[in-house]
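1. show me the folded form of this:
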Amino acid sequence: MRRLMRRLCSASLVGQMVALLLLALGLSQAIGFFIYRDERTEALRGVVADEFISRAASVAQLLESTPPALHEQILRAVATNYTRYWLAPVEPQDVASWQQQACQHLAEVTSSSRSPPFAKLAFPGGRDFSADFLTAIPAFAAASGAAWEVLPASAWSLARPAKLLHLDDAYALGLAVPLAGGGWLNAAYAKPLSPDWSSQAYVSLAIMAVAVSLIALLTARRIVRPLRHLACAVERLGRGEEVAPLSESGPKDIRQTAEAFNRMQSRLRRFIEDRTRMLAALGHDLRTPITALRLRAEFIADAGMREKLLVTLDEMQAMAETALAFAREESAGEPTRTIDLTALLESLCDDLADLGCDIAFVNGQRIPYRCRPEALRRAVRNLIQNAVRYGERARVALRRNGEGIEIAVDDDGPGIPAAEFERVFAPFVRLEGSRNRQTGGVGLGLSIARTIARDHGGDVILANRPAGGLRATIVLPAA
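-> Reported below is the predicted structural model:
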């Protein structure tokens, strides 16, 4: 049961709604069944008792108005499949002995019933109902404490009082009434209850279950469809794609969710645009003071001091140019499209190899991927250039990993201390301490690569390889 509840909780919204509505239908039907069964039983017993008493009164009047020689024929003629009549000279007192007589008369074949009652009816399991009835009715009577009761005048049409016997456990009735000419008329009724659930009830329940399932399915799909659109839009937004505003329609809760997403997307876009403009303005405005400082440095008489100052100014200018180039690319808003990721990496490795870089690409399967190709190309290029600069050579591999995609770049360098893995992603951080642009960049390569990867919903992970060297892996979610 616990496993079933766990599966239900983890199922889709459509499955949960259908299952819960079917469960509610089953519970309501079960409760209604018990209420209906009690009311139905009481109503049937009331109707049967009224008809049985009325018929017995009519038979008594018929016997009193006909010669005694015809009484046996009349009693056989008025008998039914479930009712028997017989005459007794004295008033019945003992319930058990009267029941035995009733059972014997009920088992007799009459002119109006060519087979004993219940001969074609059986309990579940194949047992004959008549045999079960004959052996069980005395036990039922004794267990229920059945006793004769005098019918009230409101329920009996004759002037003479009659006695009634209720055998509730067997759903049976007995009646004894004195006749005007002497003797007693005895009547017995016994009929098994029909099943509480008929084939029509099962068909009705099945039709109702199908109707409820269809309604639940249509309702859930109407709710789930905008939620799926929202999930898709959130995923695309997390990868840095341009997402059209969601339709603000449907039920109130769904409409409010779509409105909140559209507001969030607008605020994020404004924030990114403001940050990009600020970075571009900063990189642009730094050019003027750097140029002014360079002109003034040319007039410094000390050659050593002049050279150091010019190197520092070159480094500052490189930082400003890199920041400006990155801001320019961000503001361009490259569209997202589906490409062959393997082909992109192959072309990038070939281009860098033509420039003299020692690069090897491990050819893998063709993987189509939806991304911003130029941005992703730049991220991988930064990792490859770092691998070649600090580890002499680079080996690039593309593979699927579970539900994601990995682009791994290995080198043969000394690696990076594990404590420095996160710090090297900070802008302008260089572990190489010479500050020489020939042996190291400006410290934005890894930062830009991680920013681009995270814009695609992924990340860049660093790890030292057991055989030596560093592995930089771009982890991307599956498209």
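
2. buried sites along the strand or helix carrying residue 406?
-> Assessed by DSSP states H and E, residue 406 sits inside strand 404-410. Residues of strand 404-410 classed as buried by neighbour count (16 or more other Cβ atoms under 10 Å): 405-410. Bear in mind the C-beta positions are built from the backbone N, C-alpha and C, glycine included.

3. nearest to residue 424, of the residues you listed?
-> For these, the minimum distance to residue 424 (Cβ to Cβ) is 14.3 Å, reached by residue 409.

4. check contacts around residue 358.
-> 388, 392-394 (Cβ atoms under 8 Å, 6 or more residues apart in numbering).

5. make a PyMOL selection of the buried ones in those residues.
-> Per 16+ other Cβ under 10 Å, the buried members of the contacts of residue 358 correspond to this PyMOL selection:
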select buried, resi 388+394
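
6. where does the stretch 1-150 of the chain have low pLDDT?
-> For the stretch 1-150 of the chain, residues meeting the criterion pLDDT under 70 lie at 1-14, 36-37, 109-145.

7. which stretches in it count as helices?
-> Assigned by DSSP state H, counting those that start in this stretch, the helices in the stretch 1-150 of the chain fall at 2-10, 13-64, 71-78, 95-106, 129-144.

8. from memory residue 227 sits against residue 254, does it?
-> Yes. Residue 227 is within contact range of residue 254, at 7.3 Å (criterion: Cβ atoms under 8 Å).

9. the more surrounded of these two?
-> More neighbours surround residue 254 than the other of residue 227 and residue 254, with 21 against 13 (other Cβ atoms under 10 Å).

10. and the gap between residue 365 and residue 341?
-> Counting by Cβ to Cβ, to the nearest Å, the separation of residue 365 from residue 341 is 10 Å.

11. just give me the closest of the buried residues of strand 404-410 to residue 309.
-> Set against residue 309, the nearest of the buried residues of strand 404-410 by Cβ to Cβ is residue 409 (36.1 Å).

12. which strand residues bridge that closest one?
-> Residue 409 has these beta-bridge partners by DSSP bridges: residue 396, residue 472.

13. report the contact partners of it.
-> By Cβ under 8 Å, 6+ apart, the contact set of residue 409 is 380, 383-384, 387, 394-396, 471-473.

14. residue 373 versus that one, what's the distance?
-> In terms of Cβ to Cβ, residue 409 sits 18 Å off from residue 373.

15. now the helices for the stretch 151-300 of the chain?
-> Counting by DSSP H, counting those that start in this stretch, the helices of the stretch 151-300 of the chain are 199-238, 252-297.

16. adding mean pLDDT and distance to residue 66, write these out as CSV.
-> Shown next, in CSV, are the helices of the stretch 151-300 of the chain (pLDDT from 0 to 100; distance: least, Cβ to Cβ, whole Å):
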stretch, mean pLDDT, distance to residue 66
helix 199-238, 80, 44
helix 252-297, 82, 80
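
17. give me the lowest-pLDDT entry from the contacts of residue 358.
-> Sorting those by pLDDT puts residue 392 at the bottom of the list (86).

18. tell me which residues touch that residue, please.
-> Residues in contact with residue 392 (Cβ under 8 Å, 6+ apart) are 358, 411-413.

19. which of those residues are buried?
-> By 16+ other Cβ under 10 Å, the contacts of residue 392 give 411-413 as buried.

20. tell me the domain ranges of this protein?
-> Following automatic domain parsing, the chain resolves into domains at 2-190, 226-332, 334-477.

21. please name whichever of those is nearest to residue 213.
-> Residue 213 lies closest to domain 2-190 among those, at 5.3 Å (Cβ to Cβ).

22. closest to residue 298 among the contacts of residue 392?
-> residue 413 (37.9 Å).

23. quick one: neighbours of the residue lying closest to residue 297 once chain neighbours are set aside, just the number.
-> Spatial nearest neighbour of residue 297, excluding adjacent residues (Cβ to Cβ, 6 or more residues apart in numbering): residue 309 at 4.5 Å. Neighbour count of residue 309, defined by other Cβ under 10 Å: 17.

24. and if you look at residue 457?
-> Other residues lying near residue 457 total 20 when counted by other Cβ under 10 Å.

25. okay, it: pLDDT?
-> 83.

26. which residues touch the nearest residue in space to it that is not next to it in sequence?
-> In space, and not counting its chain neighbours, residue 457 is closest to residue 239: 4.2 Å by Cβ to Cβ, 6+ apart. Contacts of residue 239 were listed using Cβ under 8 Å, 6+ apart, and they are 336, 371, 455-457, 477.

27. picking up where we left off before, widest-spaced pair of the contacts of residue 358?
-> Greatest spatial distance in these: 392 and 394, 8.7 Å, computed using Cβ to Cβ.

28. any chance you could list residues touching both of those two?
-> Contact criterion Cβ under 8 Å, 6+ apart; residues shared by residue 392 and residue 394: 358, 411.

29. please tabulate the helices of the stretch 1-150 of the chain in JSON lines, including the columns mean neighbour count and distance to residue 464.
-> Listed next are those as JSON lines, based on neighbours: other Cβ atoms under 10 Å; distance: least, Cβ to Cβ, whole Å:
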{"stretch": "helix 2-10", "mean neighbour count": "9", "distance to residue 464": "38"}
{"stretch": "helix 13-64", "mean neighbour count": "14", "distance to residue 464": "45"}
{"stretch": "helix 71-78", "mean neighbour count": "16", "distance to residue 464": "105"}
{"stretch": "helix 95-106", "mean neighbour count": "18", "distance to residue 464": "95"}
{"stretch": "helix 129-144", "mean neighbour count": "17", "distance to residue 464": "84"}
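
30. which one of the ones you listed lies closest to residue 345?
-> Nearest to residue 345 among the helices of the stretch 1-150 of the chain is helix 2-10 (37.3 Å), distances taken as Cβ to Cβ.

31. point me to the helix or strand that includes residue 308.
-> If you go by DSSP H and E, residue 308 is part of helix 303-332.

32. what angle sits between that helix and helix 252-297?
-> Helix 303-332 runs at 160 degrees relative to helix 252-297, counting by axes from the mean of the first three to the mean of the last three Cα atoms, to 10 degrees.

33. what sits up against whatever helix or strand comes next after helix 303-332?
-> Using DSSP H and E, the helix or strand that follows helix 303-332 towards the C-terminus is strand 337-340. With contact meaning Cβ under 8 Å, 6+ apart, strand 337-340 is reached by 366-371, 373, 479.

34. show me how to select, in ChimeraX, the buried members of those.
-> For the buried members of these, the matching ChimeraX selection, counting by 16+ other Cβ under 10 Å, is:
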select :367,369,371,373
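
35. which one of the contacts of strand 337-340 is nearest residue 417?
-> Nearest to residue 417 among the contacts of strand 337-340 is residue 371, at 31.8 Å by Cβ to Cβ.

36. ok, the nearest residue to the closest one once chain neighbours are set aside to residue 345 distance?
-> Computed as Cβ to Cβ, 6+ apart, the closest residue to residue 371 that is not its neighbour in sequence is residue 456, at 5.7 Å. Residue 456 is 15 Å from residue 345, where distance means Cβ to Cβ.

37. cool, thanks, talk later.
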